[in-house]
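>>> sequence unknown, structure follows:
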């Protein structure tokens, strides 16, 4: 399985539409080992766990065609809230390099999820959406995940204009744990730049990649410029 390099910064592109659009978007993306492809929750719910396999195949093919000597890195955003080991097995079996569980899940679920990710050789990602203090969760875990996602949700952004992306949590977590931090909920080059300025390792975007457009290539290239 592909693994993240803690010394690099990454752009994570969440694909939440349908598989036909996902294939078109992947074909247009600049081939780069700094791009992570996410099988978003809506995509998995519509097409099942096989969506992860298809994204893995298409992205690896794109990297290979550009002679990028790197394995495809695919995140399965299952938003696991229970049955941590079972859902991890589903993700790994479909070719995912990482799976996502929710920080609001029971600690027993998170411990099981992280342990099974380690057992299967994939990265555990914990999404802290609607968790006020990430450290309160992390301190209760037996082992730490590879990545913590600090996340302002889509509905929060739409219906609560005062809700901010939790950049302030980055240094709080990094000051206590050697963990990679991802920021989700900002989809403009400026927001990506701000996330990286605040020492995030991964910037997650999705809005501009919901469907394939003529701007797909230019947008991806602009985001990549921000993370270097």
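Structure's in. What do you need? Predicted model only: the values in this text are computed from it and were never measured.

>>> This structure: helices as residue ranges?
Using DSSP state H, the helices of the chain run over 19-28, 41-47, 50-65, 84-93, 107-120, 134-138, 154-159, 168-174, 189-197, 216-227.

>>> Can you list the buried residues in the first one?
Put plainly, it is helix 19-28. By 16 or more other Cβ atoms under 10 Å, the buried positions in helix 19-28 come out as 19, 21-23, 25-26, 28. Glycine gets a C-beta too; all of them are placed from N, C-alpha and C.

>>> returning to that earlier point: of all the helices of the chain, which lies closest to residue 145?
With Cβ to Cβ as the criterion, residue 145 lies closest to helix 107-120 of the helices of the chain, at 5.6 Å.

>>> coming back round to it: with distance to residue 34 and pLDDT added, can I get the buried residues of helix 19-28 in TSV?
Formatted as TSV, the buried residues of helix 19-28 follow (distance: Cβ to Cβ, whole Å; pLDDT from 0 to 100):
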residue	distance to residue 34	pLDDT
19	24	95
21	22	91
22	19	94
23	21	95
25	17	91
26	15	94
28	16	89
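
>>> ok, of the residues you listed, which one's closest to residue 170?
Ranked by distance to residue 170 (Cβ to Cβ), these are led by residue 25 at 28.1 Å.

>>> my guess is that closest one contacts residue 15, does it?
Yes. Between residue 25 and residue 15 there is a contact at 6.4 Å, judged by Cβ atoms under 8 Å.

>>> quick one: residue 38 from residue 15, how far?
For residue 38, the distance to residue 15 equals 6 Å [Cβ to Cβ, to the nearest Å].

>>> just to revisit the earlier point, want to try CSV for the buried residues of helix 19-28, with distance to residue 65 as columns?
Listed next are those as CSV, based on distance: Cβ to Cβ, whole Å:
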residue, distance to residue 65
19, 20
21, 20
22, 17
23, 14
25, 15
26, 11
28, 13
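
>>> from those residues, which is closest to residue 59?
Out of these, the member with the shortest distance to residue 59 (by Cβ to Cβ) is residue 26, at 5.5 Å.

>>> and residue 75, what does it touch?
12, 36-39, 96-100, 125 (Cβ atoms under 8 Å, 6 or more residues apart in numbering).

>>> closest to residue 88 among those residues?
Ranked by distance to residue 88 (Cβ to Cβ), the contacts of residue 75 are led by residue 99 at 5.3 Å.

>>> Find the residue ranges of the chain scoring beneath the pLDDT cut-off.
Along the chain, the model assigns pLDDT under 70 to residues 1, 152-164, 185-189, 206-217, 219, 226-228.

>>> redo that, cut-off 80
In the predicted model of the chain, residues 1, 151-166, 185-198, 206-228 satisfy pLDDT under 80.

>>> hang on, the earlier thing: among the helices of the chain, which is nearest residue 7?
Once the helices of the chain are compared by Cβ to Cβ, helix 216-227 is nearest, at 12.8 Å.

>>> So residue 38 and residue 15 - more neighbours on which side?
Neighbours were counted for residue 38 and for residue 15 using other Cβ atoms under 10 Å; residue 38 has more, 28 against 25.

>>> separation between the more buried one and residue 168?
24 Å.

>>> And residue 64, by the same measure?
Distance from residue 64 to residue 168, counting by Cβ to Cβ: 40 Å.

>>> Ok, residue 24 next?
37 Å.

>>> now residue 192
17 Å.

>>> now swap in residue 51 and tell me
34 Å.

>>> Which one's more surrounded, the two?
In terms of neighbours (other Cβ under 10 Å), residue 51 is the more surrounded of residue 51 and residue 168; the figures are 23 against 10.
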